[in-house]
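J.: could you look at this predicted model? Sequence included:
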Protein chains: 2
Amino acid sequence: MDFSVTILGTSSAIPNSKRNPPSQLVNHNGQLFLIDCGEGTQTQLRRNHISLSKINRILISHLHADHVLGLFGLISSYALLGRTNTLHIYSDPRLKDLVEFQNVFFNNKLSYQIEFHFLEEKKDAIVFEDEKLIVKAFPLKHSVPTHGFLIKEKKRLRKIDKAKISFYQIPISKIKDIKQGSDFKTQSGKIISNKELTFDVPKERSYAYCSDTAYYKEIVRHIEGVDLLFHESTFCKEDLKRAYQTQHSTSQHAAEIAKEANVNKLLLGHFSTRYKNLDSMLFDAKKIFLNTEIAKERKCYSIEESI
Amino acid sequence: MDFSVTILGTSSAIPNSKRNPPSQLVNHNGQLFLIDCGEGTQTQLRRNHISLSKINRILISHLHADHVLGLFGLISSYALLGRTNTLHIYSDPRLKDLVEFQNVFFNNKLSYQIEFHFLEEKKDAIVFEDEKLIVKAFPLKHSVPTHGFLIKEKKRLRKIDKAKISFYQIPISKIKDIKQGSDFKTQSGKIISNKELTFDVPKERSYAYCSDTAYYKEIVRHIEGVDLLFHESTFCKEDLKRAYQTQHSTSQHAAEIAKEANVNKLLLGHFSTRYKNLDSMLFDAKKIFLNTEIAKERKCYSIEESI
């Protein structure tokens, strides 16, 4: 079951010739979540051969222009392409006003519904849930209301050993309980342990997105043990003062959070345009949390299954 | 004296992985005009190593999203970069409302002024003029009020032969008249022809931009004899019906206009995303007007001087 993140943009507020504004696509077994939608996102999606029409859910971390301006082109393209699926947008409530203003302004005749799901300031909440996944939003610390996102698989049912069903004459009514971990009592009263009846299944995987944010310890409890953490790293440690002033993080801040939350891997992104070379930024982070990478645009990061 | 057009985007309403939304940069001896500003224009400018800060004038043909959505990122980046020069925007008056709405929405603290110059529906007008250039807007035929633009050099003063100044003892007070084409009368009453006193100077060059528009003969009188014409070519001739319905042109329409206006060279652009290969579109146009090219993104088209 595929679980991956494709990085579409790694710049902070001002894009340059090498870095696009923030956006990334999370794919869980074909269920797509676009996280943030900076200017040019629709073009970046096409460059990555991602079908626009398959995206039904867009999570917007906060209402700074660099995280939002690609949304209006996407909404317009969807109208021109005759989209019919409802588009779900998870965001600060104010975004609805801007989307509606633009739709009237450009006389967009939408062939589909846009359904807004509002993120409440300073609150965490489950914003999406189905049988396989849960998506949570949680507050970050920035100059405007901002949320990070956790996308986490639900615990899978154990896989039953079909040979044992006939061997122990297990009735269908008991299958569900066994998949959920129960032992089985035969007609003669013998207890067959769940371990004998089932196979282990892959552990539930998780991804967390934290951008934009100052160094904020409160994040840790929301992202504890995730397989992959994307954390903003706008500045290098030498520009710590600037990071404080603008409520952004250094790469060391990101690494501290990764370490404290005991994540498996850290991806750094959202780089200030002032840095051409990111080597020292990576080096500083690795000293604190070794399994760190610089997020590369157009690269797809897979989160592998493990038992 | 450089006079060139750099193509930043050649797509029509829906960009794809190869074509960006409409925008182009006209450079006349360092005086820059950005024409239209589709999503991603600021990134395309940077990819072409064009300094954002040197652009002071933006001409917007019409208020369809694909021609406008890049403006808000540019305005935001200018604020973050601490721009101080006034930014002049030439457009439909309604654009001011959207720009102001967005500036309030995103709490953009502008370090510079934006001065709007309104284009009046169905009217042609001189919108900019200095000692070297004149820029005219003229109506096109589209589903919303739309203007084309003509950027034309003024006739240059003739270059005086300095050796003749001392030889004929020409007083300083006469120099201006001679540069403007007058003959000179010596103290003895002899008439020295202007041709003997001056050198020929390059002819005035001109560029015209016509997008978006249906086939519209009224354009011809505005762009008569231009050196380079960019004319939209959204559809190929097989999709003529679609061109009529959407008030766009085919490549044959563009070529007809180029032929009737007796221009030197035609550039085709604003291609529908449905066409991957543009060969037949070009072929159809060339049958009518031979000196036609498909506009290539990131290519700089120079308009050479000739005497």
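T.: Perfect, thanks for sending it.
J.: can we go C-alpha only for contacts and neighbour counts from here?
T.: Noted.
J.: and A:I35, backbone torsions?
T.: A:I35 has phi and psi values of phi -110, psi 120 when expressed as degrees, to the nearest 10.
J.: can you check the one 4 residues further on too?
T.: Per-residue torsions, A:E39: phi -50, psi 130 (degrees, to the nearest 10).
J.: what number of residues lie near the nearest residue to it once chain neighbours are set aside?
T.: Take A:E39 and drop its neighbours on the chain: the residue closest to it by C-alpha to C-alpha, 6 or more residues apart in numbering or on different chains is A:G70, 3.8 Å away. The number of residues packed around A:G70, counting by other C-alpha atoms under 10 Å in any protein chain shown, is 26.
J.: show the contacting residues for A:G70.
T.: The contact partners of A:G70, taken as C-alpha atoms under 8 Å, 6 or more residues apart in numbering or on different chains, are A:37-42, B:39.
J.: any idea how far apart the tips of stretch A:273-292 sit?
T.: With C-alpha to C-alpha, to the nearest Å as the measure, the ends of stretch A:273-292 fall 20 Å from one another.
J.: please state the offset of that stretch from the chain centre?
T.: Between the mean C-alpha location of stretch A:273-292 and the chain-wide mean there is a distance of 22 Å, by C-alpha atoms, centre = their mean, to the nearest Å.
J.: same check on stretch A:219-232?
T.: Stretch A:219-232 sits 10 Å away from the centroid of its parent chain (C-alpha atoms, centre = their mean).
J.: just the buried ones from the contacts of A:G70?
T.: Buried subset of those (neighbour count, 16 or more other C-alpha atoms under 10 Å in any protein chain shown): A:37-42, B:39.
J.: of these, which belong to strands?
T.: When DSSP state E is applied, the buried ones among the contacts of A:G70 are split such that A:C37 fall in strands.
J.: how about the residues of chain A that lie near chain B?
T.: Contact residues of chain A with respect to chain B, defined by C-alpha under 8 Å from any C-alpha of the partner chain, are listed as A:13-18, A:20, A:39-40, A:42-44, A:46-47, A:63-66, A:69-70, A:72-73, A:76-77, A:80, A:98, A:102, A:105-106.
J.: got the CA positions of stretch A:214-229 in CSV?
T.: Coordinates of each C-alpha in stretch A:214-229 appear next as CSV, following Å, rounded to 0.1, in the frame of the first residue of the first chain:
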residue,chain,number,x,y,z
ALA,A,214,8.8,29.0,15.1
TYR,A,215,10.5,26.5,17.4
TYR,A,216,7.5,25.2,19.3
LYS,A,217,7.8,22.3,21.8
GLU,A,218,4.0,21.9,21.9
ILE,A,219,4.3,20.3,18.4
VAL,A,220,6.1,17.3,19.9
ARG,A,221,3.1,15.6,21.4
HIS,A,222,1.1,15.7,18.1
ILE,A,223,3.9,14.1,16.0
GLU,A,224,5.4,11.6,18.5
GLY,A,225,7.1,8.8,16.6
VAL,A,226,6.0,9.7,13.0
ASP,A,227,7.8,7.9,10.2
LEU,A,228,8.5,11.1,8.3
LEU,A,229,8.4,14.7,9.5
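J.: could you say which helix or strand contains the closest residue to A:I151 other than its chain neighbours?
T.: Once flanking residues are discounted, A:I151 sits nearest to A:V135: 4.5 Å by C-alpha to C-alpha, 6+ apart. Using DSSP states H and E, A:V135 sits in strand A:133-139.
J.: just how off-centre is that strand within its chain?
T.: For strand A:133-139, the distance from its own C-alpha centre to the chain's C-alpha centre is 9 Å (C-alpha atoms, centre = their mean).
J.: who does that strand pair with, and is each partner parallel or antiparallel?
T.: Strand A:133-139 has these partner strands in its sheet, going by DSSP bridges: strand A:125-129 (antiparallel), strand A:147-153 (antiparallel).
J.: listing partners with orientation, what would you give for the helix or strand following the last one?
T.: Scanning forward in sequence from strand A:147-153, with DSSP H and E defining helices and strands, the next element found is strand A:159-160. Based on DSSP bridges, the strands next to strand A:159-160 in the sheet, each with its direction, are strand A:198-199 (antiparallel).
J.: just the mean pLDDT for the helix or strand following the partner strand, thanks.
T.: Sequence-wise, the next helix or strand downstream of strand A:198-199 (DSSP H and E) is strand A:206-210. Per-region confidence: strand A:206-210 scores 98 on mean pLDDT.
J.: and the contacts of strand A:206-210?
T.: Contacts with strand A:206-210, where a contact means C-alpha under 8 Å, 6+ apart, come from A:140, A:147-153, A:223, A:226-232.
J.: same thing but 6 Å
T.: Contacts made with strand A:206-210 from outside it, assessed by C-alpha atoms under 6 Å, 6 or more residues apart in numbering or on different chains, are listed as A:148-152, A:226-231.
J.: what's the answer for stretch A:246-256, then?
T.: For stretch A:246-256, with C-alpha under 6 Å, 6+ apart as the criterion, the contacting residues are A:142, A:213-215, A:231, A:233-237, A:243, A:281, A:285, A:288-289.
J.: and for stretch A:155-174?
T.: Contacts made with stretch A:155-174 from outside it, assessed by C-alpha under 6 Å, 6+ apart, are listed as A:179-180, A:197-199, A:201, A:204.
J.: include neighbour count when you put those into CSV, please.
T.: As requested, the contacts of stretch A:155-174 are arranged in CSV below (neighbours: other C-alpha atoms under 10 Å in any protein chain shown):
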residue, neighbour count
A:K179, 19
A:Q180, 16
A:L197, 22
A:T198, 20
A:F199, 14
A:V201, 14
A:E204, 17
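J.: which one of the residues in the stretch 51-200 of chain A is closest to chain B?
T.: Distances from the stretch 51-200 of chain A to chain B, computed as C-alpha to the nearest C-alpha, single out A:S77 as the nearest residue at 5.7 Å.
J.: helix/strand/coil for that residue?
T.: The three-state label for A:S77, taken from DSSP: H, G, I helix; E, B strand; the rest coil, comes out as helix.
J.: show the pLDDT at it.
T.: Predicted confidence (pLDDT) for A:S77: 95.
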